[in-house]
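A.B. asks: Quick one: sequence and predicted model below, then my questions.
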Amino acid sequence: FSFFVVVPKKGFHRLRVVDVSDTGVGFDYDIIGEMKEAFPVTPGEAFELQFYLNQTLFIPLHVKVMRIDDSKVIRRVGAEFTSTGTPEHAGLTAVLDMIDKVSEIVQFDSIAD
């Protein structure tokens, strides 16, 4: 799976998801070449997030920033979901449950050179 998120207040930039659970999401906040000052972010900040399951299908969620790692060129944000108990959060939880079940039986196709 290749999930990504979009933070609408930043425009339509596909931001790589590095971790996801039923309580929150970790993702790259910047794109290559973007100045950190262009879109500041602080712990405790809340905003809308679009969690994409593929190129066109997304779940709208609300998050609160819990931590920021800005030790590298691209900042990484850890955020918790603030609207648990909603149909949107239930949908994400269902997707994660399906992935857990599938991951127990999935096999990878490796092509020998």
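C.D. replies: Yep, that arrived. Numbering: from 1, shown residues only.
A.B. asks: Contacts only, for residue 88.
C.D. replies: 59-61 (CB atoms under 8 Å, 6 or more residues apart in numbering). From N, CA and C alone the C-beta is placed, and that goes for glycine too.
A.B. asks: Could you dump those into a markdown table and include secondary structure?
C.D. replies: Converted to a markdown table, the contacts of residue 88 look like this (DSSP: H, G, I helix; E, B strand; the rest coil):
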| residue | secondary structure |
| --- | --- |
| 59 | strand |
| 60 | strand |
| 61 | strand |
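A.B. asks: for those residues, which one is nearest residue 79?
C.D. replies: residue 61 (9.2 Å; CB to CB).
A.B. asks: The closest one against residue 47, yeah?
C.D. replies: No. Between residue 61 and residue 47 there is no contact under CB atoms under 8 Å: 10.0 Å.
A.B. asks: Of those two, give the one with the bigger neighbour count.
C.D. replies: Comparing residue 61 with residue 47 by other CB atoms under 10 Å, the one with more neighbours is residue 61, at 23 against 16.
A.B. asks: Determine the set of other helices and strands touching the helix or strand where residue 5 lies.
C.D. replies: Using DSSP states H and E, the element containing residue 5 is strand 4-6. With contacts taken as 3 or more CB pairs under 8 Å, 6 or more residues apart in numbering; DSSP states H and E, strand 4-6 sits against strand 15-20, strand 24-28, strand 46-52.
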